[in-house]
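Colleague: With the input below, show me the fold.
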Amino acid sequence: MNKLRTKIGFVLLIGMIITLIGSILLMYKSTNDTVEKTIAMSSLDIASNISHAINPTSYADFLSNQSETSTYWEIREQLDDYRQKTGALYVYTLGIDENSEKVHILIDGMGKGDKKASPILTTTTATSFQDVESVMKGKVSTISIVHDPEYGDYLSVFVPIKNGNEVIGILGVDINASKVDATASQHCSGWHPSPDDNNQCNLNDDRSGCTNMVLD
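Modeller: Take a look at the predicted model:
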């Protein structure tokens, strides 16, 4: 009889452990997804502010002569300044070729002489035509965390650059993805179940996920 009770107790204990582990994993994923969405929405605000600060006439001049002119350097320095002030990994402008459906970096907001800066018309490795096609129609877009062997893990957002009502370009901002995991860990590390709150760390809301999310 005692052996039977011991076996039943052991099975119940294993079941509780498995349930607890599963709950923790689900909780972390839920929190991680929500943190990622929150950071993406915040990054869209940052990108929008930067795009509005770009002089549309100057950018149109650059587009008409895509080379390292004084206008190019003026805009590049401006983007680099915003990159440093906002703590973003990269701030840059993009162009798309609708015929080949390729996406190119036009102005990479890095300091002059920075060897990491991409030359004009560098083809993107992680951003596809489908990711930014809608931005040229006046919408905004985000891409979930990208695992790039060259540039590391990051989350990207894209907003239009406008001259009046006309979209003349795309501004991209990349955010270090480590912020997502770090913030999610902070939320979950402080979670303690209580009778009045059985799901304190479940931060899901009704918004859709940020994977290839397009907003008006």
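Colleague: Pull up the gap between residue 63 and residue 137, please.
Modeller: From residue 63 across to residue 137, the span is 18 Å (CB to CB, to the nearest Å). For every residue, glycine as well, the C-beta is placed using N, CA and C.
Colleague: Show the contacting residues for residue 153.
Modeller: Residues in contact with residue 153 (CB atoms under 8 Å, 6 or more residues apart in numbering) are 145, 146, 147, 176, 177, 178.
Colleague: What score does it have for pLDDT?
Modeller: Listed pLDDT for residue 153 reads 80.
Colleague: ok so, going back, comparing residue 63 and residue 137, which shows the higher neighbour count?
Modeller: For residue 63 and residue 137, the more surrounded residue by other CB atoms under 10 Å is residue 63, and the numbers stand at 16 against 10.
Colleague: residues of whichever strand or helix holds the more buried one that come out buried?
Modeller: In the assignment (DSSP states H and E), residue 63 maps to helix 56-64. Neighbour counts over helix 56-64 (16 or more other CB atoms under 10 Å) mark 56, 59, 62, 63 as buried.
Colleague: got it, and stretch 105-122?
Modeller: 105, 106, 107, 108, 109, 110, 117, 118, 120.
Colleague: could you pull out the helices for this structure?
Modeller: 2-53, 56-64, 70-86, 129-132, 178-189 (DSSP state H).
Colleague: least reliable of these going by mean pLDDT?
Modeller: Among those, helix 178-189 carries the lowest mean pLDDT (a mean of 54).
Colleague: What is the helix holding residue 63 packed up against?
Modeller: Applying 3 or more CB pairs under 8 Å, 6 or more residues apart in numbering; DSSP states H and E, we find helix 56-64 packed against helix 70-86, strand 102-108, strand 152-163, strand 166-176.
Colleague: Now do that helix against strand 152-163, angle only.
Modeller: If you take axes from the mean of the first three to the mean of the last three CA atoms, to 10 degrees, helix 56-64 sits at 110 degrees to strand 152-163.
Colleague: Put the alpha carbons of helix 56-64 into PDB.
Modeller: This file holds the C-alpha atoms of helix 56-64, laid out as PDB (Å, rounded to 0.1, in the frame of the first residue of the first chain):
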ATOM      1  CA  PRO A  56      12.400  66.200 -48.800                       C
ATOM      2  CA  THR A  57      13.900  68.600 -51.300                       C
ATOM      3  CA  SER A  58      17.500  67.500 -50.400                       C
ATOM      4  CA  TYR A  59      16.600  63.900 -50.500                       C
ATOM      5  CA  ALA A  60      15.000  64.300 -53.900                       C
ATOM      6  CA  ASP A  61      18.200  66.000 -55.100                       C
ATOM      7  CA  PHE A  62      20.200  63.000 -53.900                       C
ATOM      8  CA  LEU A  63      17.800  60.600 -55.700                       C
ATOM      9  CA  SER A  64      18.400  62.400 -58.900                       C
END
